[in-house]
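Sequence below, structure please.
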Amino acid sequence: MKKIVVLPFLILLLGIVLTACGTAEQSLGENKTSSSTPQVLEEKAEFIGMADAHTVEVKKVNTTLNFEFTDNFKDVLNEFESGNKVKITYFINNSGQKEIQKIEKQK
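Okay, the predicted model is just below:
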């Protein structure tokens, strides 16, 4: 009699455990498709300079921010000097990095 009561309980428990199984890739894949267009953001800050060959560093209040840029911005960034006030339009790319769309001097 105990086997008849325990068996459905074990089957139910196994079903619940297997339902929760999934891979992290499956979960991430669902999130990526839900936000196909990146949100455009803006920051106003003080230009510090190049952090490396593809990263710009700016200062905002008491913190520094880093922004990635593509080859399209190399010539534009040469026009900026340390201390210039800038307005940066950017988005968060698939790697979680802030990527510049537009940068311009502010007065």
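
Mind listing residues that contact stretch 40-52?
Applying C-beta atoms under 8 Å, 6 or more residues apart in numbering, the external contacts of stretch 40-52 come out as 56-60, 64-66, 77, 80-92, 98, 101, 106. Placement of C-beta: from N, CA and C, glycine included.

Now intersect the residues you listed with the strands, please.
56-60, 64-66, 85-92, 98, 101, 106 (DSSP state E).

Mind giving me the PyMOL select for those residues, buried ones only?
Under the burial definition 16 or more other C-beta atoms under 10 Å, those of the ones in strands among the contacts of stretch 40-52 that qualify are selected in PyMOL by:
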select buried, resi 56+57+58+86+88+90+98+101
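
Using the three-state scheme, assign the residue nearest the centre of the chain.
Against the mean C-alpha coordinate of the chain, by C-alpha atoms, centre = their mean, the closest residue is G96 at 2.3 Å. Assigned by DSSP: H, G, I helix; E, B strand; the rest coil, the conformation of G96 is coil.

confidence score at it?
Model confidence at G96, given as pLDDT, is 91.

Could you measure from it over to E68?
Remark: distance between G96 and E68 (C-beta to C-beta, to the nearest Å) = 10 Å.
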